[in-house]
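Novice: Predicted model follows, preceded by the sequence.
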Amino acid sequence: MKEDKQRWNEKYLVAPMPSETSYILKENMHLAKRGRALDIACGTGRNTHFLADEGFYVDAVDLSDYALDKIRTDKNINKIDADLDSYVFEEDAYELILKVNYLDRKMFPRIIKALKRGGIFIYETFVKTPTGEGYHNPTNPDFHLDLDELPKAFSELEIISYKEQDAINLRGEKVRVASFVGRKG
C-alpha cells in the first residue's frame, strides 16, 4: 500500500488532473435523492465539492493523502484515506455513488451492495480501443474497460443511460470513454 500511496501522490504532483466537475455527474445528479454520497477515488475533490454544495453528505475516499489534503474542510465532507483494494463500503448506505476515471473490477459487487434501494450509480472511465487508430491507451490494458462491459457488470441495476464515445484527455490525446448511470431497484 505504501508504494501505491507514494505513486499516487507523485502522480497528483506531476500529471495534469481535471479540475472541473464531471459532466456525467452534473447531468445526472438530479436523479438521486439528497442524502449520503460516495465519491470513489475522489482525487482532489472536484466532484466531492460539487456534491457537498448540492446538499449531499459525501464520503470522499482516496489513497493519496496529498490529494485528500486539497479537499476543503466542510461539515458535509468526510475525507477517508484508504486503500480501495481493502476498504469496505458500508452496505445499503448511499443515495449516490460516483466513480470517475478509476477501474477496479473487484469493486463492482461492493458498489451494488453499498447503494440504497433507489440509489444512483454514476460511472465514467476509459474503454479499450483498437491499436493503430489514433487512440491513446494506457500501458496496462487492465485499466480500460472492454466494449459494453459496464451494462453486463451492473446488470442488477436498472440502466438509465449507457454510452461509449470519443473524448480528448488532458494531454490532448484521443481516448474512448464509457459513461454509465444505473439505479438499484
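Specialist: Yep, it's here.

Novice: pretty sure residue 44 contacts residue 71?
Specialist: Yes - using Cβ atoms under 8 Å, residue 44 is in contact with residue 71, at 6.6 Å. Heads up, the C-betas are built off the backbone N, CA and C, glycines and all.

Novice: where do the strands sit along the chain?
Specialist: Remark: strands assigned in the chain by DSSP state E are 36-40, 57-62, 77-81, 94-100, 115-126, 157-168, 174-184.

Novice: Mind listing the strands the second one pairs with, and their directions?
Specialist: Partner strands for strand 57-62, per DSSP bridges, with pairing direction: strand 36-40 (parallel), strand 77-81 (parallel).

Novice: do the fifth one as well
Specialist: Applying DSSP bridges to the sheet, strand 115-126 is found paired with strand 94-100 (parallel), strand 174-184 (antiparallel).

Novice: what's the offset of the longest helix anywhere in the chain from the middle of its chain?
Specialist: Secondary structure of the chain per DSSP state H: the longest helix is helix 2-14. Distance of helix 2-14 from its chain centroid, counting by Cα atoms, centre = their mean, to the nearest Å, is 18 Å.

Novice: mean confidence score for that helix?
Specialist: The pLDDT scores in helix 2-14 average 73.

Novice: Run the angle between it and strand 57-62 for me.
Specialist: 100 degrees (axes from the mean of the first three to the mean of the last three Cα atoms, to 10 degrees).

Novice: Can you list the low-confidence ranges for the chain?
Specialist: Within the chain, the stretches with pLDDT under 70 are 1-2, 12-13, 16, 130-133, 135-139.

Novice: In stretch 61-73, which residues are buried?
Specialist: 61-64, 66-68, 70-71 (16 or more other Cβ atoms under 10 Å).

Novice: Would you mind listing the outside residues contacting that stretch?
Specialist: With Cβ atoms under 8 Å, 6 or more residues apart in numbering as the test, stretch 61-73 has contacts from 1, 4-5, 8-9, 11-13, 38-45, 48-49, 60, 77, 79-84, 87.
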